[in-house]
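A.B. asks: okay, predicted coordinates and the sequence, questions at the end:
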Amino acid sequence: IQSNDMNARVSLSAVKQPGVTRAFEEIIGFEGDEFYSKVWPEVTGKPFDLVSGHFPDCIPIGVKTEDGDVTLCPLSDYVMKPTDALIVLAEDSLAYVYKPTP
């Protein structure tokens with residue numbers, strides 16, 4: 001998608017649903033939560049749908065593989081590999097930690 005096409009789509013969505021603008025502002029703005037990625041050995045072998053329970057202070061949204069491929073909203077049965085980086089939406093990089101018991 002070219003950037004001007006993406007801008008047009010977001011603008012159209014904002015006209016149709018005013019809340020979209022605020023959601024995009026929260027996600028991609030310079031204030032508030034940000035995206036982070038990190039390899040967590042503790043989640044190796046766990047299905048993606050169970051990973052979020054171990055991170056109550058952030059929102060796991062995807063996986064970045066060793067090859068650099070990014071998958072947002074992976075299938076719930078996707079099993080985390082040792083080299084997969086978990087992509088999360090969090091307040092800052094120190095605001096979230098792995099909790100052994102979900």
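C.D. replies: Received it, and whenever you're ready, just let me know what you need.
A.B. asks: quick one: the closest residue in space to Ser52 that isn't next to it in sequence and Ala8, what's the gap?
C.D. replies: Spatial nearest neighbour of Ser52, excluding adjacent residues (C-beta to C-beta, 6 or more residues apart in numbering): Pro60 at 4.9 Å. C-beta: built from backbone N, CA, C; applies to glycine. Pro60 sits 30 Å away from Ala8 when distances are taken as C-beta to C-beta, to the nearest Å.
A.B. asks: now swap in Pro74 and tell me
C.D. replies: For Pro74, the distance to Ala8 equals 28 Å [C-beta to C-beta].
A.B. asks: distance of the residue most central in space within the chain relative to Ala95?
C.D. replies: By C-alpha atoms, centre = their mean, the chain has its centre lying nearest to Ile61, at 2.8 Å. Note on Ile61: its distance to Ala95, by C-beta to C-beta, is 15 Å.
A.B. asks: next: Ile59.
C.D. replies: Applying C-beta to C-beta to Ile59 and Ala95 gives a distance of 12 Å.
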